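A.B. asks: Pasting the sequence and the predicted model now:
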Amino acid sequence: MLFRSSQRAFRLAVLALPCLIAAPFAVQAADSFPVSAAQMQSLGVQLQRLDKSGASLGQSYSARVVLAAGQEQIASAPLSGVIDQLLVAENDIVKVGQPLMRIASPELGELQLKLMEADASSRLSQRALKRERELFSEGIIPERRVQEAEAAASQDAARKRQAEAALRLAGWDSSKLQGMLEKGSLDASLTVRSKAAGTVTDLSVKLGQRVQQADVLMRVSNTGRLGLDIQIPAARARQVALTKGVPVVVLERSGVQGAVLSVGPSVSDTQILALKATVTKGAELLRPGEVVQVQVPFGAGQEGWTVPLTSVVRQGDKAYVFVRNGTGFTAVPVNVLASAGQTVQVSGALQAGQEVAIASVIALKAAWQGKGGGD
């Protein structure tokens, strides 16, 4: 009953407003209209001073935290085999060249055998070429024999290089290749090493698991360099600054900042424009994959003001706020840039320090139009 009584009293106040202000002056449907302090008090009109707060400097959008380009390494199986030993676990920090796991692989033995055979053939063909050259210099054999020996030596050297290249792809370096050729012993397993420093973010295999060549074993990510994939509705793209280098701020994460890198060349089927940014400060406070809110600055001429939702009224297809002047109020047209909960961001011919009505704006609208009624 108390609520209904209050509501009835408010309606009576709205309907009575033209009568209240008709005595001293005539109401005119103009941008400015007079309202005295006593009338404001009787109607319950409240004011709020405009201020350029941080929320007025841009619009907020959802963004997904991602790794910066080139900051993820995928360790794959160089050969088929069985996971013989895991040397790291998920979330471990690894260095360049650090062993990650060992794979027992029959193919590794075959590659070593081919290299040993190619090495033996190459050494034999080199000795044969040397002998043929000596015999030719003494005039014992024709030059054709030397040319044939050179061709055979060249082919054997190429086979050796090919066999070495296959083992290098498996993770062997020159010193290990040379040691194997000198000792003549075969290694039954190979070691997968990290090619970059970072954190093990995804371990895809288990001990004893059989893998094929090129299977993904794990991912190593450098989480010190992160990026932001910002989703902007295409209809609002012109309201914000999209130039490369424009600063963006991660909200609710004090000290986390970024800068725009690029803007998507097209709009998705859901009418979303992709904006990519790099995190320039505070990356340690973010985690890849999480969704955060970021603030993108307004574009030129789109600077916004944050006001309560109750301060904006509609007249036709236009929006207005009522700004206090010396004798009453002025209806100032505004563009609604964004809304969040009980607040909206608007742009228009507003200035810092001005006072706008935030309560009983329906009554002020009735006075502006010179009649009673609602929104």
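C.D. replies: Sure thing, it's come through.
A.B. asks: residues contacting the spatially closest residue to Q98 that is not a sequence neighbour?
C.D. replies: Nearest non-adjacent residue to Q98, counting by C-beta to C-beta, 6 or more residues apart in numbering: S194, 4.8 Å away. (C-beta placed from N, C-alpha, C; glycine too.) By C-beta atoms under 8 Å, 6 or more residues apart in numbering, the contact set of S194 is Q73, A75, V94, K95, V96, G97, Q98, P99, L100, V220.
A.B. asks: Would you quantify the distance from S194 to R324?
C.D. replies: 66 Å (C-beta to C-beta, to the nearest Å).
A.B. asks: What of I362?
C.D. replies: 17 Å.
A.B. asks: of these two, who's got more company?
C.D. replies: I362 (20 against 17; other C-beta atoms under 10 Å).
A.B. asks: Give me the residue at the spatial middle of the chain.
C.D. replies: Centroid check for the chain by C-alpha atoms, centre = their mean gives L228 as the closest residue, at 2.0 Å.
A.B. asks: how would you label it: helix, strand or coil?
C.D. replies: strand (DSSP: H, G, I helix; E, B strand; the rest coil).
A.B. asks: Show me what it is bridged to.
C.D. replies: Taking DSSP bridges as the rule, L228 bridges to V65, A277.
A.B. asks: who's in contact with it?
C.D. replies: With C-beta under 8 Å, 6+ apart, L228 has these contacts: 63-66, 248, 250, 258, 276-279, 292, 294.
A.B. asks: Try it again at 6 Å.
C.D. replies: A63, G258, A277 (C-beta atoms under 6 Å, 6 or more residues apart in numbering).
A.B. asks: Could you dump the residues you listed into JSON lines with neighbour count, distance to R238 and pLDDT added?
C.D. replies: What follows is those, written out as JSON lines (neighbours: other C-beta atoms under 10 Å; distance: C-beta to C-beta, whole Å; pLDDT from 0 to 100):
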{"residue": "A63", "neighbour count": "25", "distance to R238": "19", "pLDDT": "94"}
{"residue": "G258", "neighbour count": "26", "distance to R238": "21", "pLDDT": "92"}
{"residue": "A277", "neighbour count": "25", "distance to R238": "18", "pLDDT": "94"}
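A.B. asks: Hmm, Q295 and V249 touching each other?
C.D. replies: Yes: at 4.6 Å, V249 counts as touching Q295 under the criterion of C-beta atoms under 6 Å.
A.B. asks: gap between S125 and P142?
C.D. replies: 19 Å.
A.B. asks: pull the helix or strand with minimum mean pLDDT from the protein.
C.D. replies: Lowest on mean pLDDT, DSSP states H and E among the helices and strands of the chain sits helix 2-22, with a mean of 44.
A.B. asks: just the contacts of L228 now: which is nearest Q112?
C.D. replies: Of all those, Q112 sits closest to A277, with 48.9 Å by C-beta to C-beta.
A.B. asks: residue contacts, the closest one?
C.D. replies: Applying C-beta under 6 Å, 6+ apart, the residues near A277 are L228, V248, G258, V260, L261.
A.B. asks: Among those, name the ones in strands.
C.D. replies: Residues of the contacts of A277 located in strands (DSSP state E): L228, V248, G258, V260, L261.
A.B. asks: do you know how far the first one is from L275?
C.D. replies: Distance from L228 to L275, counting by C-beta to C-beta: 8 Å.
A.B. asks: Ok, the third one next?
C.D. replies: Using C-beta to C-beta, one gets 10 Å for the distance from G258 to L275.
A.B. asks: again, but for the last one
C.D. replies: In this structure, L261 and L275 are separated by 9 Å, where distance is defined by C-beta to C-beta.
A.B. asks: So between these two, which is more surrounded?
C.D. replies: Comparing L261 with L275 by other C-beta under 10 Å, the one with more neighbours is L275, at 24 against 15.
A.B. asks: so that one, which of the three states?
C.D. replies: L275 ends up strand, using three-state DSSP.
A.B. asks: now swap in Q147 and tell me
C.D. replies: Going by three-state DSSP: Q147 is helix.
A.B. asks: returning to what we had before: any chance of the ones in strands among the contacts of A277 in a markdown table, plus distance to Q41?
C.D. replies: Converted to a markdown table, the ones in strands among the contacts of A277 look like this (distance: C-beta to C-beta, whole Å):
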| residue | distance to Q41 |
| --- | --- |
| L228 | 49 |
| V248 | 44 |
| G258 | 48 |
| V260 | 49 |
| L261 | 54 |
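A.B. asks: quick one: which two of these are the most distant?
C.D. replies: Taking C-beta to C-beta, no two of those sit farther apart than V248 and L261, at 10.3 Å.
A.B. asks: Show me the shaky parts of the stretch 151-300 of the chain.
C.D. replies: Along the stretch 151-300 of the chain, the parts satisfying pLDDT under 70 run over 239, 299-300.
A.B. asks: Stretch 218-237 spans what distance, first to last residue?
C.D. replies: 38 Å (C-alpha to C-alpha, to the nearest Å).
A.B. asks: ugh, typo on my part, it should be stretch 352-364
C.D. replies: Termini of stretch 352-364 sit 22 Å apart (C-alpha to C-alpha).
A.B. asks: Could you tell me how far the top helix by length along the chain lies from the centre of the chain?
C.D. replies: Identified as the longest helix of the chain according to DSSP state H is helix 106-137. For helix 106-137, the gap between its own C-alpha mean and the chain's C-alpha mean amounts to 54 Å (C-alpha atoms, centre = their mean, to the nearest Å).
A.B. asks: Remind me what that helix packs against, helices and strands.
C.D. replies: helix 143-169 (3 or more C-beta pairs under 6 Å, 6 or more residues apart in numbering; DSSP states H and E).
A.B. asks: This completes my enquiry, with thanks.
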